[in-house]
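Colleague: test case, fold it:
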Amino acid sequence: MITIRRAAERGHFDHGWLDTSHTFSFGDYHDPRHMGWGPLRVINEDRVEPGAGFPPHAHRDMEIVTYVLSGALEHKDSLGTGSVIRSGDVQRMSAGTGVRHSEYNHSATEPVHLLQIWIEPARRGLAPGYEQKTIAPADMRGRLRLIASRDGHEGSVTIQQDARLYATALEPGRRVAYPLGAGRRAWVQVARGTATLNGERLAQGDGAAVLDERELALTAIEPTEVLLFDLG
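Modeller: Predicted coordinates:
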């Protein structure tokens, strides 16, 4: 069963410096029908204007994955970490028992476009942590590249949950397939472009909840970038 969540159905706010769309309930957007999918709790698509950003704020008991589509995001946190996340980079911050961080557009002239993902950890009270890795574009081209997993397999960032996150970049007509294990669910999020998922058309910003499907088949209609979550 595939249930589509169209981009236009998401919670949307334009604050001037920030244009943001929420796939699931978040902040001032509350929709009891869309509170997450399994341990996947947040997918926010953010466009941040040059020089703007989020001042220091606190998180706890959440695995936060940031995936930059274009531009650069500057990160600083109470763990002493300072970094710049660019397109092709994947960042994981485990909030655990508590962490404060800030996120700003690193550029004074160009916007930054990103997806921020929150995944509930398998247990609370873990030690905070940070990790950032660069994924080579060639590793995503025409294949599903593992970018986050519980065991850090294949050079992915490590998350404290039974979940695997893949990214793929597909040219028009290119197809990838993913076998979904028994008893597992999936979420598919189109970061850009247009593709079909088991014959269902998905455009940029669309997502799809997947349950009781043996295989997920993605075929690009135009140049497309997709995230696929395999969730326990």
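Colleague: wait, what's in contact with the most centrally placed residue in the chain?
Modeller: Nearest to the geometric centre of the chain sits Ile117, at 4.2 Å (Cα atoms, centre = their mean). Counting by Cβ atoms under 8 Å, 6 or more residues apart in numbering, Ile117 touches 40, 42-44, 64-67, 165, 227. From N, CA and C alone the C-beta is placed, and that goes for glycine too.
Colleague: same check on Arg143?
Modeller: Listed by Cβ under 8 Å, 6+ apart, the contact set of Arg143 reads 168, 176.
Colleague: picking that back up, ok, so of the contacts of Ile117, who is nearest Gly173?
Modeller: Nearest to Gly173 among the contacts of Ile117, counting by Cβ to Cβ, is Leu227 at 20.4 Å.
Colleague: next, that closest one: secondary structure please.
Modeller: strand (DSSP: H, G, I helix; E, B strand; the rest coil).
Colleague: where do the domain boundaries of the protein fall?
Modeller: Listed domain ranges for the chain are 11-134, 137-231 (source: automatic domain parsing).
Colleague: could I get the contacts of Ile117 as JSON lines with distance to Ala191?
Modeller: Formatted as JSON lines, the contacts of Ile117 follow (distance: Cβ to Cβ, whole Å):
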{"residue": "Leu40", "distance to Ala191": "15"}
{"residue": "Val42", "distance to Ala191": "15"}
{"residue": "Ile43", "distance to Ala191": "10"}
{"residue": "Asn44", "distance to Ala191": "12"}
{"residue": "Ile64", "distance to Ala191": "17"}
{"residue": "Val65", "distance to Ala191": "13"}
{"residue": "Thr66", "distance to Ala191": "13"}
{"residue": "Tyr67", "distance to Ala191": "8"}
{"residue": "Leu165", "distance to Ala191": "12"}
{"residue": "Leu227", "distance to Ala191": "6"}
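Colleague: and these, which are buried?
Modeller: Among the contacts of Ile117, the ones that count as buried by 16 or more other Cβ atoms under 10 Å are 40, 42-44, 64-67, 165, 227.
Colleague: tell me the secondary structure for Val210?
Modeller: Three-state call for Val210 (three-state DSSP): strand.
Colleague: quick one: contacts for it?
Modeller: Going by Cβ under 8 Å, 6+ apart, Val210 touches 1-2, 180, 185-188, 197, 216.
Colleague: just the helices in this structure please.
Modeller: For the chain, the helices defined by DSSP state H occupy 137-140.
Colleague: related to what we said a few turns ago, closest to Leu126 among the contacts of Ile117?
Modeller: Distance ranking of the contacts of Ile117 against Leu126, using Cβ to Cβ, places Ile64 first at 12.7 Å.
Colleague: who is the residue nearest to the closest one when sequence neighbours are not counted paired with across the strands?
Modeller: Leaving aside its chain neighbours, Ile64 sits nearest to Met93 (4.6 Å; criterion: Cβ to Cβ, 6 or more residues apart in numbering). For Met93, the beta-bridge partners under DSSP bridges are Ile64, Tyr130.
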